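1. Pasting a predicted model and its sequence here:
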Amino acid sequence: WPLAGCLLLLLPLLPSWSLAQCIDTTEPGCLHKSEVGMAQRHCQDPTKYWLCSQLGRKAVLRTCPANTGFDQDINACVPWIAWVWQPCLEPPSRPPGWVSC
C-alpha cells in the first residue's frame, strides 16, 4: 500500500497530455470558397468525410457506403482494397471557436 499511496501523490504531476488524448476530426470551417463542395476526410474515421454545402454554414458529416473508405486524393469513397492510409490534410479553415490540440 505505501507504493500505491506514492503513485497517487505523483499522479497530479504528470503532464496533461498523458491523461487525455487529442481527437481532431479535421472538421472544416466552410469559410473559404474552395471548401464548398470539396469533401474533407474525417481524420479519426476513414469511413466518414466532411462536406461544406454552403459558405459560412456548418460542415455536414457524411458516411461512405459499406465496405468503402474515403480517399482524399480523389475525394470519393473507394473499396477498401484500393484505400491507402495517408496523413490527414489541414482544411483551409476551421469552425469558429476551434482550438488546436
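-> Ah, there it is.

2. okay, CA-based contacts and neighbour counts for the rest of this
-> Noted.

3. wouldn't residue 94 be in contact with residue 28 here?
-> Yes: using C-alpha atoms under 8 Å, residue 94 is in contact with residue 28, at 4.8 Å.

4. the more surrounded of those two?
-> Neighbour totals were compared for residue 94 and residue 28, and residue 28 leads with 27 against 18 (other C-alpha atoms under 10 Å).

5. name the element the more buried one belongs to?
-> If you go by DSSP states H and E, residue 28 is not part of any helix or strand.

6. any idea how far residue 61 is from it?
-> Separation of residue 28 from residue 61 (C-alpha to C-alpha, to the nearest Å): 10 Å.

7. list the residues that contact both of those two?
-> residue 50 (C-alpha atoms under 8 Å, 6 or more residues apart in numbering).

8. which residues touch residue 31?
-> With the criterion set at C-alpha under 8 Å, 6+ apart, residue 31 makes contact with 55, 56, 93, 94.

9. could you redo the last one with a cut-off of 7 Å?
-> Listed by C-alpha atoms under 7 Å, 6 or more residues apart in numbering, the contact set of residue 31 reads 55, 56, 93.

10. so what pLDDT did the second one get?
-> Taken from the predicted model, the pLDDT recorded for residue 56 is 93.

11. dump the residue contacts of it.
-> Neighbours of residue 56 in contact, by C-alpha under 7 Å, 6+ apart: 30, 31.

12. Also the last one?
-> Contact analysis of residue 93 by C-alpha under 7 Å, 6+ apart lists 28, 29, 30, 31, 32.
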